[in-house]
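Student: dropping a prediction and its sequence here:
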Amino acid sequence: MKEQLTNRKTRLLSLDAFRGFTIAGMILVNNPGDWGNIYTPFEHADWNGCTFADLIFPFFLFISGVSISYALGSKLRDKSSHQSLLLKITKRSAILFSLGLILAFIPYIFQNPAEALRTVRIPGILQRIALAYFASAILFLKTNWKTQLSIGILLLLAYWALMSFVPVPGFGPANLGKETNLGAWLDRLILTENHLWKLSKTWDPEGILGTFPSIATGISGVLTGNLLRMKGISNQTKIGGMLLSGLALFLAGLFWGKSFPINKSLWTSSYVLFTSGLALVALCAFYLIIDIRGHRAWAKPFIVYGSNAITAFFTTTLAAKILNVLPMHLGDGTKTNLKGWIYSSFYQPFFSPHNASLAFALTFVLTWLIILWWMYSKKIIIKV
């Protein structure tokens, strides 16, 4: 639905900007011209480790948690509204999950619709966002910050224990291998290989078990939002609290990562602490520069992106999938898709391989910035 962008002065513009920066980064790393020619920071770590690309998804879940605190905070005391809020939370989660499934179905529409129900991927980015949002929002509505913190810690410890000590049926002792860890086994058992990530088929980076620690990422955002909304404490105190908490989480993640490696695909507990710490420090910087110091002009493109974040992610992903399935023929008779034709015609001849790939991704980012800027200028925001 369309809503008017009202009360811009009361909006936490730093949160919009940080959200926009994150979504723009997600679009950039998800849409290279050539997956074989990517600059290292924009490429996901092969397994253990963390690059810039690996920060994007947890940053968005963290931001979603902060947004929950702001969206629902004023309604906590009105118990009579909780029933309707629960329905809204459930509806929004269902819509996000459904949008993720729609994106998974798109290639089948152009290729083999009959295969869709048998082989469509069930996990995904929007699906995980939906589940983490649902859990985080319910916890915010029904518990206090101490309980939220305790549940977040419990999720991380329980996940660590499961992945580190529970034997994997058919494989033996607990391990963190791509195909042999407990989460991969559970995904194959419940979802079957037909409905997992097509590039692996035997494991999924957005699988079932890894969704639980991702909820802790959302909770870290909720707790940050609670801090920012506190009355009676100075901005300096809020900034100090965010910075110290962020550094503590970052260091704790590094320390835990020595025994439970930082790993995005597994969404390890150390990865949650490490990325939540960095997200806190980043939001602290945005908050200080934009909301406290009032330097906002530079952040306008990010604010524009952040005001329609889900719209930007869904439409760019949809466009990318369509570009990859529409058939085209090159001048020498070679068969390709529409993306391949555009890339080989307008990028490859003019840039080095890595720069051509990056230029294509930047075109995606800038094209949608123009579209979203028009929407922003018309005071339109599409909310799920």
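Tutor: It's in.

Student: how does this protein divide up, domain by domain?
Tutor: The chain breaks down by automatic domain parsing into domains covering 1-43+295-384, 56-293.

Student: next one: the shortest one to chain centre, how far?
Tutor: In other words, domain 1-43+295-384. 15 Å (CA atoms, centre = their mean, to the nearest Å).

Student: any idea how far A279 is from the residue nearest to the spatial centre of the chain?
Tutor: Nearest residue to the geometric centre of the chain (CA atoms, centre = their mean): F57, 2.9 Å. Going from F57 to A279 by CB to CB, to the nearest Å gives 11 Å. Placement of C-beta: from N, CA and C, glycine included.

Student: surely the residue nearest to the centre of the chain and K264 touch.
Tutor: Yes: contact criterion CB atoms under 8 Å: F57 and K264 qualify, at 7.2 Å.

Student: quick one: contacts of stretch 66-77?
Tutor: If you take CB atoms under 8 Å, 6 or more residues apart in numbering as the criterion, stretch 66-77 is touched by 12, 15, 19, 81-82, 85, 133, 136-137, 140-141, 218, 221-222, 224-226, 228-229, 283.

Student: and that stretch, how far out from the chain's middle?
Tutor: For stretch 66-77, the distance to the chain centre is 21 Å (CA atoms, centre = their mean).

Student: again with stretch 182-202
Tutor: Counting by CA atoms, centre = their mean, stretch 182-202 is centred 21 Å from the centre of its parent chain.

Student: and what of stretch 205-213?
Tutor: In terms of CA atoms, centre = their mean, the centre of stretch 205-213 is found 13 Å from the chain centre.

Student: could you work out the end-to-end span of that stretch for me?
Tutor: This stretch, stretch 205-213, spans 13 Å end to end (CA to CA, to the nearest Å).

Student: tell me the buried residues in stretch 164-175?
Tutor: Within stretch 164-175, the residues that count as buried by 16 or more other CB atoms under 10 Å are S164, V168, A174.

Student: how long is it from one end to the other?
Tutor: 7 Å.

Student: now what about that stretch, what contacts it?
Tutor: The contact list for stretch 164-175, computed with CB under 8 Å, 6+ apart, reads M163, T180, N181, L182, W185, F260.

Student: got the contact list for the fourth one?
Tutor: To tie it back to what came earlier, the one meant is L182. L162, M163, V166, V168, A174, L209 are the contacts of L182 under CB under 8 Å, 6+ apart.

Student: ok, 10 Å please
Tutor: Contacts here follow CB atoms under 10 Å, 6 or more residues apart in numbering; on that basis L182 touches 159, 162-169, 171, 174-176, 209, 266.

Student: follow-up on the earlier one: and the residue nearest to the centre of the chain, how far is that from A71?
Tutor: 21 Å.

Student: quick one, helices of the chain?
Tutor: Applying DSSP state H to the chain gives helices spanning 13-30, 52-72, 82-110, 116-119, 125-142, 145-165, 182-190, 211-229, 235-256, 269-286, 300-307, 309-325, 338-346, 353-377.

Student: would you reformat those helices as a markdown table and include distance to P41 and mean pLDDT?
Tutor: Converted to a markdown table, the helices of the chain look like this (distance: least, CB to CB, whole Å; pLDDT from 0 to 100):
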| stretch | distance to P41 | mean pLDDT |
| --- | --- | --- |
| helix 13-30 | 9 | 97 |
| helix 52-72 | 4 | 97 |
| helix 82-110 | 25 | 94 |
| helix 116-119 | 33 | 90 |
| helix 125-142 | 20 | 98 |
| helix 145-165 | 27 | 98 |
| helix 182-190 | 27 | 98 |
| helix 211-229 | 21 | 97 |
| helix 235-256 | 18 | 97 |
| helix 269-286 | 14 | 98 |
| helix 300-307 | 18 | 97 |
| helix 309-325 | 20 | 95 |
| helix 338-346 | 21 | 93 |
| helix 353-377 | 11 | 97 |
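
Student: so for L330, what's the pLDDT?
Tutor: Per-residue pLDDT puts L330 at 71.

Student: how close does it get to N30?
Tutor: Distance from L330 to N30, by CB to CB: 25 Å.

Student: then A282?
Tutor: Distance from A282 to N30, counting by CB to CB: 20 Å.

Student: which one of these two has more residues nearby?
Tutor: A282 (20 against 17; other CB atoms under 10 Å).

Student: do I have it right that the more buried one meets T224?
Tutor: No: checked against CB atoms under 10 Å, the pair A282 and T224 is beyond contact range at 11.1 Å.

Student: touching both of those two, which residues are there?
Tutor: F62, I63, M242, G246.

Student: which among the residues you listed count as buried?
Tutor: F62, I63, M242, G246.

Student: next, format the residues you listed as a markdown table and append distance to F313.
Tutor: Shown next, in a markdown table, are those (distance: CB to CB, whole Å):
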| residue | distance to F313 |
| --- | --- |
| F62 | 16 |
| I63 | 12 |
| M242 | 26 |
| G246 | 25 |
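
Student: now, among those, which is nearest to A319?
Tutor: A319 lies nearest to I63 out of the buried ones among the shared contacts of A282 and T224, by CB to CB, at 23.1 Å.

Student: I'd like the domains of the chain as TSV, with distance to C50 appended.
Tutor: What follows is the domains of the chain, written out as TSV (distance: least, CB to CB, whole Å):
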stretch	distance to C50
domain 1-43+295-384	11
domain 56-293	5
